[in-house]
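>>> Please find the sequence and the predicted model below.
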Amino acid sequence: MKRKGDGVAAFLFLLPLLFTLTIAFLYAFVRTVYFSFTDYNLFKITEFVGLRNYLSLFKEQFFVLGLIHSLVYAGIVTASQTFLALLLAIVANQKIRGLTFFRAAYYVPSIASSVAITTIFIWLVNRRGTVNWLLELLVQYWPLIVAALGITALAQALQVVWERRHGLPVRALDPVLLGISFLVGSVAAVILGRTGLIQPNSGVEVAIPWLTTRKTFLGIPLPLLSIMMLNIWTTTPTMMILFLAGLQDIPRELYEVADIDGASPWQKLRFVTVPALRPVMFLVITLGLIGTIQMFDQAAITAGIAPLESVITLAYYVYWAVFGAGTLPKVGMASAAALVLAALTLAVVLLQRKLGFSEKGWYS
Amino acid sequence: MSRRPKSPGELSVVYYRGRAYQVDARWLARRRRVRRAVVYLTLTALAVVMIVSLLYAFISSFRNDPLSWPPTLASPKLWPPNWVAAWRLGLQGGGNGWTGGWAPGRRLELSVVFSLPRDAPYPPLPRVQLLAPPYESGAPNPAPDTGVEVVFLAERVNGEAKELAYEIIFTHRGSIRYPLLPLAVIGPRGGRFVRATLAPDTVSTRISGVYLTWKNVVPGVIRYIFDHYVRAWTTYKGQGGRNLFPRWILNSFLVAVLRVVLTVIFTTMAGYALARLRFPGRNLLFFFIIYTMMVPGQVTYISNYLVVRDGVFGLSRLFGLKTFLNTFWALFLPGLVSTTATFMMKQFMESIPREIEEAARIDGANTFQIYTRVILPLSLPAIAAVSILTFQGSWNEFFWPMVVLTEAEKYTLPVGLNFFLHYYTSVTGSVWNVILAGTVMSILPVLIIYILFQRYFVEGFHLSGIKQ
């Protein structure tokens, strides 16, 4: 219902918000568009250059690198964290006590500042850091790990055959039996290692310079790949909690019916779980894409340590072209790049709305 | 053990791939238990990955070399017998067991034990070098005022080796009190270091002999355990020699508190209008808010930077400033009214039953009274959630402060920490223990708030979708 005076009251209540939106967003956005057609350098505008900034952007090495990095980064990080989070959520989908505690623990890396977390990460991926040490252990004990996995597989096969012979319905990767098999495999591997039947690779040294290098892996600069690992590490658990909330809303009867109809675990995942999770899935993917395509902090923090061309992203380019280049600020170029970033963000938002997932589904 | 059912009453039917199986109910229950254990193990492992890396960083901030290979959790600073020694030496050297020091007229005894092969000839006495304190500590060099005497104490045969114990006696002959007494002791060639009153910070073997160093032999307990923290706190100084790290903490804290107050006032107002009042352009405004929530600061920062630089259209002249750059006012411009917080407030206020509001209106309350007397008291959970998320967001904000704050005195903690990281990794070589100590100090406040108000964080995540 509509009352007289609502409009005036609303205007007064909204005044601070409107002030901010007008100055800091609308005016700022219009000016960014305007600057993108000029050669402004923070001090004076000499000429109106039309679309020249946009054209020269694509000839500028750092912009092209930044754009590619942002897209690759968004794609890989979103895909991996969505997949990992879904996997973990499916494993953890039980009526469990103490979920509050686990949730609290998983949010910890998200509440600390990106600078603090990135600093710790830079320390962990040092050439002589803990990540390399763990990798070195992995490489050294590789023969034993392979042996352990082999024996686990063997024990699992034996147990599954045994149970099925006794008319019990077990899957090939039955988690209960897998636990026992894994225990057997590990103990056997330890015995094999102790008796010297299988020797670890000694003398292998892992000293990967994760950040201070221009090397690439599968075409992706190693430093960028490290930042991807960092981001997957910090956001996967948050996404997992979202999936878990979604999973617990799926009626159990759906699974029981699927069992009666003879669905395999894969079919249950494909035809029951994933469709039921569609809204959550869109949320996770959208939030993931928006968060990653705008990655700035990690690039800015590692930029002094890793080579710029290995970590620059679109958002960082926008900053760097004005304040970081050590030449006259290229505001025109930066504005054009900022609009590319805004367009990418808008594309994600529109895509999400197009796919029928509105902001109404943002909260449970 | 047979899994065949013992009596028909214990049978359960399980469907698997379209076939019904009759299985022992106890077998099924047992399987459920194991499956639950697997779940808990997975969740715990994940929690370990999330938390242990931070805990590991915390412990490593006490290590003398956080990059030592292979990595270890052992640190002399976390070994209680060393605390006792640090207390005693601090008391001897400076009359204070907590913070130590090297005071005029004091006498200090440090015993060191080396071992040599049993048949080796007796070596000359160990040499003692008084070192200069690290440059950035700004402490004076105590060497000129300190007398050193080395005495041979005792010999003990231990299997194939003999252990030689020495006492090093320091006397303060000057009149200045020094905060630190750093030194090196060079033991016998071909010997091995066994133990000392206080564990040395570094032990290395050189051509001249076993080389031991202490950053400070008169530390006191606090200075000993929290040495890296004290260094992070004090090493970087601004104009007039003021410590910058506490300054950054103070800046961050003031900004965050003011931020919370402004955000609560403005977003409850805007949220109320959006949730309850009808006005033209409401839906358009709402869509605009959603979009600005997603647009990164990099898109609008150039104009905002200019607005701040020119003093928000000359407004700064009211405060007697030509520009808002390098002032805390600058930090408030783009986020004066956070659209995310407005969105959360609107969502929450929509869930308040309209009937309460209607009743108040029938009783003669006007819109403003409804806002202050009805809506605000009912919105306390949302206000709590928004306050905490705002505090955390402000405490952690990095991009915008980096743009508008260029003087080290004005930095907030993340900008300062980033500066700190690059200072220590480029200028002085990586001093990771000090960097980690600074990092831990920057995380602690939000961590404590998080532990205390965890409930509201979760509420906030629910209201806003989630935070990236």
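Received, thanks. Numbering: from 1, shown residues only, chains lettered A, B, ... in the order given.
>>> where does the chain have low pLDDT?
I'll assume chain A. For chain A, applying pLDDT under 70 flags the ranges A:1-4, A:325, A:356-364.
>>> not what I meant, chain B
In chain B (pLDDT under 70), the answer is B:1-9, B:17-18, B:136, B:426-430, B:461-468.
>>> at 50 instead, please
Regions of chain B meeting the criterion pLDDT under 50 cover residues B:1-6, B:8, B:466-468.
>>> Does the most centrally placed residue in it lie in a helix or a strand, and which?
Nearest residue to the geometric centre of chain B (Cα atoms, centre = their mean): residue B:440, 2.0 Å. Using DSSP states H and E, residue B:440 sits within helix B:432-452.
>>> helices or strands up against that helix?
For helix B:432-452, the packing partners by 3 or more Cβ pairs under 8 Å, 6 or more residues apart in numbering or on different chains; DSSP states H and E come out as helix A:99-111, helix A:114-124, helix B:25-60, helix B:227-234, helix B:244-276, helix B:380-396, helix B:413-422. For the C-beta atoms, the positions are set from N, CA and C on the backbone; glycine is no exception.
>>> close to chain A, is the longest one?
Meaning helix B:25-60. Yes. Against chain A, helix B:25-60 shows contacts by Cβ under 8 Å from any Cβ of the partner chain at B:27, B:31, B:34-40, B:42-44, B:46-47, B:49-51, B:53-54, B:56-57, B:60.
>>> are any of those residues buried, and which?
Buried subset of the residues of helix B:25-60 next to chain A (neighbour count, 16 or more other Cβ atoms under 10 Å in any protein chain shown): B:27, B:31, B:34-35, B:38-40, B:42-43, B:46-47, B:50, B:53-54, B:56-57, B:60.
>>> How is whichever residue of the stretch 151-300 of chain A sits closest to chain B assigned, secondary-structure-wise?
Residue of the stretch 151-300 of chain A nearest chain B, by Cβ to the nearest Cβ: residue A:262 (2.2 Å). What DSSP: H, G, I helix; E, B strand; the rest coil gives for residue A:262 is coil.
>>> Count residues in the vicinity of it, would you?
For residue A:262, the neighbour count with other Cβ atoms under 10 Å in any protein chain shown is 12.
>>> my read: it touches residue B:20, true?
No. At 10.6 Å, residue A:262 does not count as touching residue B:20 under the criterion of Cβ atoms under 8 Å.
>>> all helices of the stretch 151-300 of chain A, in order?
A:175-195, A:222-247, A:252-260, A:265-268, A:274-276, A:278-293, A:297-302 (DSSP state H, counting those that start in this stretch).
>>> Buried deepest among these, which one?
Of all those, helix A:297-302 has the most neighbours on average by mean count of other Cβ atoms under 10 Å in any protein chain shown, namely a mean of 26.
>>> mind checking how far it is from the chain centre?
Taking Cα atoms, centre = their mean, to the nearest Å, one finds helix A:297-302 lying 16 Å from the centre of the chain it belongs to.
>>> And it, what does it pack against?
Using 3+ Cβ pairs under 8 Å, 6+ apart, helix A:297-302 is in contact with helix A:114-124, helix A:222-247, helix A:308-311, helix A:314-319, helix B:399-404, helix B:413-422.
>>> what do you get if the cut-off is 6 Å, keeping everything else the same?
helix A:114-124 (3 or more Cβ pairs under 6 Å, 6 or more residues apart in numbering or on different chains; DSSP states H and E).
>>> Just the buried residues of stretch A:339-355, please?
Those would be A:339-342, A:344-345, A:348-349, A:352, for stretch A:339-355 by 16+ other Cβ under 10 Å.
>>> got it, and stretch A:41-57?
A:49, A:52-54, A:57.
>>> residue contacts, residue B:407?
By Cβ atoms under 6 Å, 6 or more residues apart in numbering or on different chains, residue B:407 lies in contact with residue B:326.
>>> Residue B:109 falls within a helix, correct?
No. Judged by three-state DSSP, residue B:109 forms no part of a helix; its state is strand.
>>> what number of residues lie near it?
13.
>>> tell me the phi and psi of residue B:186?
phi -110, psi 110 (degrees, to the nearest 10).
>>> hang on, the earlier thing: tell me the angle of the helix holding residue B:440 relative to helix A:99-111?
For helix B:432-452 against helix A:99-111, the angle by axes from the mean of the first three to the mean of the last three Cα atoms, to 10 degrees is 140 degrees.
>>> Would you mind identifying the next helix or strand past helix B:432-452?
helix B:454-463.
>>> Could you check the angle that next one makes with helix B:380-396?
90 degrees.
>>> chain center to helix B:454-463: distance?
22 Å.
>>> Equivalent analysis for stretch B:307-314, please.
Here the centre of stretch B:307-314 is set off from its chain's centre by 35 Å, with Cα atoms, centre = their mean.
>>> Can you list the buried residues in that stretch?
Under the neighbour-count criterion of 16+ other Cβ under 10 Å, stretch B:307-314 has B:307-309, B:311-312 buried.
>>> Closest one of those to chain A?
Nearest to chain A among the buried residues of stretch B:307-314, with distances taken as Cβ to the nearest Cβ, is residue B:307, at 6.6 Å.
>>> Give the bridge partners for the residue nearest to residue B:22 when sequence neighbours are not counted, please.
Spatial nearest neighbour of residue B:22, chain neighbours left out: residue B:11 (5.1 Å); criterion: Cβ to Cβ, 6 or more residues apart in numbering or on different chains. On the basis of DSSP bridges, residue B:11 is bridged to residue B:24.
>>> and the helix or strand hosting residue A:71, what does it pack onto?
Per DSSP H and E: residue A:71 is located in helix A:61-92. Applying 3+ Cβ pairs under 6 Å, 6+ apart, one finds that helix A:61-92 contacts helix A:222-247, helix A:278-293, helix A:314-319, helix B:25-60.
>>> Run the angle between it and helix A:222-247 for me.
40 degrees.
>>> Figure out how far stretch B:190-200 is from the centre of its chain.
So, by Cα atoms, centre = their mean, the centroid of stretch B:190-200 is 33 Å from its chain's centroid.
>>> what do you get for stretch A:210-227?
The answer for stretch A:210-227 is 17 Å, by Cα atoms, centre = their mean.
>>> contacts for it?
Residues contacting stretch A:210-227 (Cβ under 6 Å, 6+ apart): A:69, A:125, A:298, A:302, A:305-307, A:310-311.
>>> and the gap between residue A:265 and residue B:16?
10 Å (Cβ to Cβ, to the nearest Å).
>>> so what sits against both of these two?
By Cβ under 6 Å, 6+ apart, no residue touches both residue A:265 and residue B:16.
>>> count of neighbours near residue B:173?
Number of residues near residue B:173 (other Cβ under 10 Å) recorded here: 11.
>>> ok, it to residue B:132 distance?
18 Å.
>>> now swap in residue B:188 and tell me
25 Å.
>>> Counting neighbours, go ahead and name the busier of these two.
residue B:188 (21 against 13).
>>> Just list the residues touching that one, thanks.
Contacts of residue B:188 by Cβ under 6 Å, 6+ apart are B:114, B:116, B:123, B:209.
>>> and it, helix, strand or coil?
Going by three-state DSSP: residue B:188 is coil.
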